[in-house]
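Engineer: Starting from these lines, generate the structure:
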Amino acid sequence: MRALNPRWSLLAAALATGALVTISTPSLGGAETAPALADRAAALGRSESSALLELYAAESALARAQNDAAVLAERSAALERSERSLAVRTEIVRGSLKASQERVATLLRALYIQGEPDPISVILGATSLDEAVAGIEGLSRATAQNRRLSIEATVHARELVGLKAQLVEERANLTRAENAARASVARFESAVAGRSATVAAVRRARSLTTERLRALEVQAQAAERRSAEITSTAATQSTAAAPVEDSPAPSAAPTQGTRTLVADAVAYHLPGRTASGLPVGVGVIAVDPNVIPLGTRVFVPGYGPAVAADVGTAIRGNIIDLWMPTTAQALAWGRRAVTITIYG
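Structural biologist: Okay, here's the model as predicted:
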């Protein structure tokens, strides 16, 4: 860069020392700008909505699995009551069958010891006709009752065996269903935990991004104030310094210059550093070095004094880029044709 006259020394020193502040915040990679952070916050917002939707689906599936498990638990409890009832009934039937068998055994033993009592013996042993008839009827009733009790006990025993087989099969099916339900509950609990962790992580990232964006905006405002202060100080000190005949006043169009050039001036607002290594700031412009060499001092009507300190792939020919403190100012300037004065 060629030597600058005293009027430009303060601005050059400010640029070289980074007094025109560049916005810088911790970044996961690459330059962190307000638009990039805003885009990231919006993307994280969409990710949070998607994660919340997935969490809702997982929680709904978990609720259904828990309800199925509760229904199966009720069935298991009912089946357990049926099994206990079956056990009681089985013991009753076994007792009845045992009692019937004992009665038959007692009767047979009595018959064996006393001999077979036939109707004739009963009649001959009776003291009256009524006693004889009652004796015969008693023997018949005892025999019929024992036979009936034995048949009923056998039938009940068979029924209970069939019922027990049904309960065993139902218990096996219910056990398989309960195992599957518990596995589903565990799987969906894991899914809910994972979705919850995802939502929490996205919310933390979104909160951090929002905080960075706010910090970036605060730093940008501070940079604007600092840049304005530096520009004002530079203008004041250069005015107070000894005047140089061929140096223009920074706030007004210069009266002398190497040459003039009609150029398209495009305004922009982005943080970062220039191709020359200097931070961007007020008074830094990007040029085509084949038209305006880097380090050249220029005056841009409506913008003020500037230094050619940056280049760009889209800057070819009579085009210059003007850095603005805010996006609003850049949009207000837009793109316009100006006649700039070049000092060399």
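
Engineer: neighbours around the closest residue in space to residue 171 that isn't next to it in sequence, how many?
Structural biologist: Computed as C-beta to C-beta, 6 or more residues apart in numbering, the closest residue to residue 171 that is not its neighbour in sequence is residue 79, at 6.0 Å. (Each C-beta comes from the backbone N, C-alpha and C, glycine too.) Neighbour count of residue 79, defined by other C-beta atoms under 10 Å: 16.

Engineer: secondary structure element for residue 79?
Structural biologist: helix 34-114 (DSSP states H and E).

Engineer: Mind giving me the packing neighbours of that helix?
Structural biologist: helix 129-240 (3 or more C-beta pairs under 8 Å, 6 or more residues apart in numbering; DSSP states H and E).

Engineer: Okay, now the unreliable bits of this structure?
Structural biologist: Within the chain, the stretches with pLDDT under 70 are 1-32, 101, 104-105, 107-143, 145, 220, 223-224, 226-257, 344.

Engineer: Which strand runs longest in it?
Structural biologist: In the chain, taking DSSP state E as the definition, the longest strand is strand 259-268.

Engineer: which residues are in contact with it?
Structural biologist: Here strand 259-268 makes contact (C-beta atoms under 8 Å, 6 or more residues apart in numbering) with 291-292, 300, 303, 318-324, 329-342.

Engineer: which neighbours does it have in its sheet, and in what orientation?
Structural biologist: Here strand 259-268 is paired, per DSSP bridges, with strand 319-323 (parallel), strand 335-342 (antiparallel).

Engineer: Export those strands to TSV and append columns for mean neighbour count and distance to residue 53.
Structural biologist: Formatted as TSV, the strands paired with strand 259-268 follow (neighbours: other C-beta atoms under 10 Å; distance: least, C-beta to C-beta, whole Å):
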stretch	mean neighbour count	distance to residue 53
strand 319-323	23	43
strand 335-342	15	44
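
Engineer: Of those strands, which is nearest residue 148?
Structural biologist: Residue 148 lies closest to strand 319-323 among the strands paired with strand 259-268, at 113.6 Å (C-beta to C-beta).

Engineer: got the CA coordinates for the closest one in PDB?
Structural biologist: Presented in PDB, the C-alpha positions along strand 319-323 are these (Å, rounded to 0.1, in the frame of the first residue of the first chain):
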ATOM      1  CA  ILE A 319     -17.700  -1.200  -9.900                       C
ATOM      2  CA  ILE A 320     -17.000  -0.500  -6.200                       C
ATOM      3  CA  ASP A 321     -18.500  -1.900  -3.000                       C
ATOM      4  CA  LEU A 322     -19.200   0.400  -0.100                       C
ATOM      5  CA  TRP A 323     -19.300  -1.000   3.400                       C
END
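
Engineer: Check the burial of residue 159 by counting its neighbours.
Structural biologist: Residue 159 is flanked by 12 other residues according to other C-beta under 10 Å.

Engineer: picking up where we left off before, now for the residue nearest to residue 171: which residues touch it?
Structural biologist: Applying C-beta under 8 Å, 6+ apart, we find residue 79 in contact with 167, 170-171, 174.

Engineer: Going by distance to residue 61, which of the residues you listed wins?
Structural biologist: Distances from residue 61 to the contacts of residue 79, taken as C-beta to C-beta, are shortest for residue 174 (22.1 Å).

Engineer: how near is that closest one to residue 262?
Structural biologist: In this view, residue 174 and residue 262 are 91 Å apart by C-beta to C-beta, to the nearest Å.

Engineer: Who has more neighbours out of these two?
Structural biologist: Between residue 174 and residue 262, counted using other C-beta under 10 Å, the more crowded position is residue 174 (18 against 9).

Engineer: in stretch 306-316, what's buried?
Structural biologist: Using 16 or more other C-beta atoms under 10 Å as the test for burial, stretch 306-316 gives 306-312, 315.

Engineer: swap in stretch 59-69?
Structural biologist: For stretch 59-69, a neighbour-count test (16+ other C-beta under 10 Å) marks 59, 61-62, 65, 68-69 as buried.

Engineer: between these, which is closest to residue 272?
Structural biologist: Nearest to residue 272, judged by C-beta to C-beta, of these is residue 59 at 45.1 Å.

Engineer: unless I'm mixing things up, the closest one is touching residue 189, no?
Structural biologist: No: using C-beta atoms under 8 Å, residue 59 is not in contact with residue 189; the gap is 9.9 Å.

Engineer: hang on, the earlier thing: pipe the buried residues of stretch 59-69 into TSV and attach distance to residue 283 per row.
Structural biologist: Output for the buried residues of stretch 59-69, formatted as TSV (distance: C-beta to C-beta, whole Å):
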residue	distance to residue 283
59	58
61	62
62	62
65	67
68	72
69	72
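
Engineer: Out of those residues, which is nearest to residue 84?
Structural biologist: residue 69 (22.7 Å).

Engineer: count of neighbours near residue 37?
Structural biologist: Using other C-beta under 10 Å as the criterion, residue 37 is surrounded by 21 other residues.

Engineer: Next: the one 4 residues further on.
Structural biologist: Neighbours of residue 41 under the rule other C-beta under 10 Å: 17.

Engineer: if I look at it, how far off is residue 203?
Structural biologist: Here the criterion is C-beta to C-beta. By it, residue 41 lies 12 Å from residue 203.

Engineer: now residue 73
Structural biologist: 36 Å.

Engineer: Neighbour count: those two, which is higher?
Structural biologist: For residue 73 versus residue 203, the count of surrounding residues by other C-beta under 10 Å is larger for residue 203: 16 against 13.
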